[in-house]
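In: Provided below are the primary sequence and the corresponding predicted coordinates.
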Amino acid sequence: MRIAFMKDEELVPALVAGKVDAITVFEPQTSQARHALGDRCAVLAASGLYHCTRFLVTRAGLLRERPQFAARLVTALLEAETFATDAPKQTSEIVAARLGLSPAEAATALRGLDLRVRLDQSLLCSLEDLARWAMREGLVRQAATPNYLSLLSCDALAARRPEAVTIIR
């Protein structure tokens, strides 16, 4: 087996052209591959196979310059979380329109996602593990694992939903 790294937009065309035998993707590429390959496509999916975390990143100065920015952003995220939980059909329709999927495909893709807004202690552990891996593989020139706790801003979420912040500070 040979592993090849490609840009997201190159994966489905490479599979269709036979340049690769398999790809690992998320929506909308999964549905694109299904449509392009038809009955020649086999999707191997396993719940919990991969844990994906999304981060919101900004320059530190922005939080100092506009202190209400984080509070308003967290409010919007929590409202979106509530909407996704309370209105799954509408959420699927919105995602389908945005990603060019059918509502059924979007509903399937959303079913496996954990859309909770939170800052977990496990996040710090994951970041530290990733940093050690990057250092070991020579991907970064750094002698010590960064202090990720000093880079996180927990206050806005803790003020709105304290139970969503389990990071030990």
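Out: Here it is on my side, so go on.

In: Quick check: which ranges of this structure have low pLDDT?
Out: Scanning the chain for pLDDT under 70 picks out the ranges 46-50.

In: Please name every helix or strand in contact with the longest helix seen in it.
Out: In the chain, taking DSSP state H as the definition, the longest helix is helix 68-86. Judged by 3 or more C-beta pairs under 8 Å, 6 or more residues apart in numbering; DSSP states H and E, the packing partners of helix 68-86 are helix 60-65, helix 88-99, helix 155-160. Backbone N, C-alpha and C define where each C-beta goes, glycine included.

In: Show me what counts as buried in the last one.
Out: By neighbour count with 16 or more other C-beta atoms under 10 Å, helix 155-160 contains the buried residues 156-158.

In: Out of those, flag the one nearest to residue 43.
Out: Of all the buried residues of helix 155-160, residue 43 sits closest to residue 157, with 34.9 Å by C-beta to C-beta.

In: Next up, the contacts around that closest one.
Out: For residue 157, the contact set (C-beta atoms under 8 Å, 6 or more residues apart in numbering) comprises 74, 117-119, 164-165.

In: repeat that with 6 Å
Out: 74, 119, 164-165 (C-beta atoms under 6 Å, 6 or more residues apart in numbering).

In: One more: residue 27?
Out: residue 109.

In: Residue 97: neighbouring residues, count only.
Out: Residue neighbour count, defined by other C-beta atoms under 10 Å, stands at 11 for residue 97.

In: quick check: domain ranges of the chain?
Out: 1-50, 60-164 (automatic domain parsing).

In: if I pick the closest residue to residue 25 other than its chain neighbours, what's in contact with it?
Out: Excluding its sequence neighbours, the residue lying closest to residue 25 (C-beta to C-beta, 6 or more residues apart in numbering) is residue 11, at 5.7 Å. By C-beta under 6 Å, 6+ apart, the contact set of residue 11 is 23, 25, 29.

In: quick one: which of the buried residues of helix 155-160 is nearest residue 37?
Out: For these, the nearest to residue 37 is residue 157 (41.7 Å; C-beta to C-beta).

In: so how far is the helix or strand in which residue 135 is found from its chain's centroid?
Out: Secondary structure from DSSP states H and E places residue 135 in helix 121-136. Distance of helix 121-136 from the chain centroid (C-alpha atoms, centre = their mean, to the nearest Å) equals 16 Å.

In: Among the buried residues of helix 155-160, which one lies nearest to residue 148?
Out: residue 157 (15.9 Å).

In: Would you mind listing the buried residues in stretch 146-154?
Out: Quick answer for stretch 146-154 (16+ other C-beta under 10 Å): 148, 152, 154.
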